[in-house]
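Trainee: Pasted the sequence and its predicted model underneath.
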Amino acid sequence: RLYRLAADLGHVKAQCNLGAFFTRGHGVTHDDTQAAKWFRLAAEQGDARAQFNLGTCYANGSGVDEDYAEAARLYRLSATQGFKDAQWNFAVFCTNGLGVTIDNEEAYMWYSLAAEQGHEKAQHYLNLLDEVAREIAEGEAIEAPQ
């Protein structure tokens, strides 16, 4: 009840947390539409975690219509604030052209930023990319998967 009161009064962290409670059904009935509502209110106030969470709602069609362009916009907003999970997700969107034009240079930049903050998937992915680049530079043959 206290989170709801604080959220109703516009407290950004309470709004984001309430959205997470609705996503998980923690202390409330699971409700993706309510989760998206509370994430949106916090995201509109510039909260990076809420922007990321709302982006994920749009990416998955959870509580809102699936919309990769809106997910990408929200991930980018969160990523520019240094939220490493958003940096990873936006990089994946740039790599695969989800809601944005494919841009491998921009993707590499976001993977790098996430990796610098300790995002394990980003670190692993960059290691793979660096290994492939090294093999290409050394003229080694790269075999296609069978």
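Mentor: Received, thanks. Numbers count the residues shown, from 1 in each chain.

Trainee: spatially speaking, which residue is in the middle of the protein?
Mentor: Central residue of the chain (Cα atoms, centre = their mean): Ala86, 3.2 Å from the mean position.

Trainee: Next, the buried residues of the helix or strand harbouring that one.
Mentor: Assessed by DSSP states H and E, Ala86 sits inside helix 84-96. Neighbour-count burial for helix 84-96 flags Lys84, Asp85, Ala86, Gln87, Trp88, Asn89, Phe90, Ala91, Val92, Phe93, Cys94, Thr95 (criterion: 16 or more other Cβ atoms under 10 Å). C-betas here are computed from N, CA, C, even on glycine.

Trainee: and the angle from the following helix or strand past that helix to helix 84-96?
Mentor: The helix or strand immediately downstream of helix 84-96 is helix 104-116, counting by DSSP H and E. Interaxial angle, helix 104-116 versus helix 84-96 (axes from the mean of the first three to the mean of the last three Cα atoms, to 10 degrees): 160 degrees.

Trainee: how about helix 104-116: buried residues?
Mentor: Taking 16+ other Cβ under 10 Å as the criterion, helix 104-116 shows Glu106, Ala107, Tyr108, Met109, Trp110, Tyr111, Ser112, Leu113, Ala114, Ala115 as buried.

Trainee: Which strands and helices lie in contact with whatever helix or strand comes next after it?
Mentor: Sequence-wise, the next helix or strand downstream of helix 104-116 (DSSP H and E) is helix 120-137. Under the contact criterion of 3 or more Cβ pairs under 8 Å, 6 or more residues apart in numbering; DSSP states H and E, helix 120-137 touches helix 84-96, helix 104-116.
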